[in-house]
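Fold the following.
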Amino acid sequence: MTGEALDFTLDGREVGLYFIEPSDYFAELCLIDEGAQPEFVISLERSQVLLLPNPVMRPLLSAHPDLSANISRRLAARVRQQILQRQVLALTNPLQRIAAQLQILLPPGTTNIQVQVRAPTHQELAIMVNLTRETVTRTFQLLHSQGILTRLGDELVVDRLKLGELTKEKSK
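As a prediction, the model looks like this:
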């Protein structure tokens, strides 16, 4: 499944939380507290999903401590990711917010963003940073004109140094 986990603001706007890659899993929080799934998951393409009910998974977690440890590490990573996302959403300047999100999407040591076999669309980025698609498009035009961002097919190529400088400039 290629998808995205979403939640909604109090005024009903979508906020993207994280991407789900093929062969990935989600809803692991429910395994811990048996509560409801705290976010909505949408598929971005035709997908097959395997549902493992709690009564099936809980005995497996008890019998396999390594599985429990892996799921716990994954939950910790998601919590850290969502804390970082909340910090991005707290930025008031749209350019800073988009630049910060692009930096989050860049894998360490690379300059290419390629999520789910393709870079996120302007609409997907807008949902992630709680802005309009039009604002993201205008910001991308600015970043492109300054040589900070280039689209190569399904990938975004980002000049990390220039993006960082631009972000610092705007925060002064």
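
and Ile42, helix, strand or coil?
Under DSSP: H, G, I helix; E, B strand; the rest coil, Ile42 falls in the strand class.

Can you verify my assumption that it contacts Thr2?
No: with contacts counted by Cβ atoms under 8 Å, Ile42 stays clear of Thr2, the gap being 10.2 Å. In short, each C-beta sits where N, CA and C put it, glycine included.

In terms of packing, which of these two has more residues around it?
Thr2 (17 against 13; other Cβ atoms under 10 Å).

quick one: that one from Ser47, how far?
7 Å (Cβ to Cβ, to the nearest Å).

Repeat that for Gly109.
30 Å.

Looking at these two, which has the bigger crowd around it?
Ser47 (12 against 6).

Please tell me I have it right and that one contacts Glu21.
No: with contacts counted by Cβ under 8 Å, Ser47 stays clear of Glu21, the gap being 11.3 Å.

can you list residues touching both of those two?
Thr2 (Cβ atoms under 8 Å, 6 or more residues apart in numbering).

Quick check: which element contains Arg138?
helix 133-145 (DSSP states H and E).

Against which helices or strands is that helix packed?
helix 94-105, helix 122-129, strand 149-152 (3 or more Cβ pairs under 8 Å, 6 or more residues apart in numbering; DSSP states H and E).

Apply 10 Å and report the result again.
Judged by 3 or more Cβ pairs under 10 Å, 6 or more residues apart in numbering; DSSP states H and E, helix 133-145 is in contact with helix 94-105, helix 122-129, strand 149-152, strand 155-158, helix 160-171.
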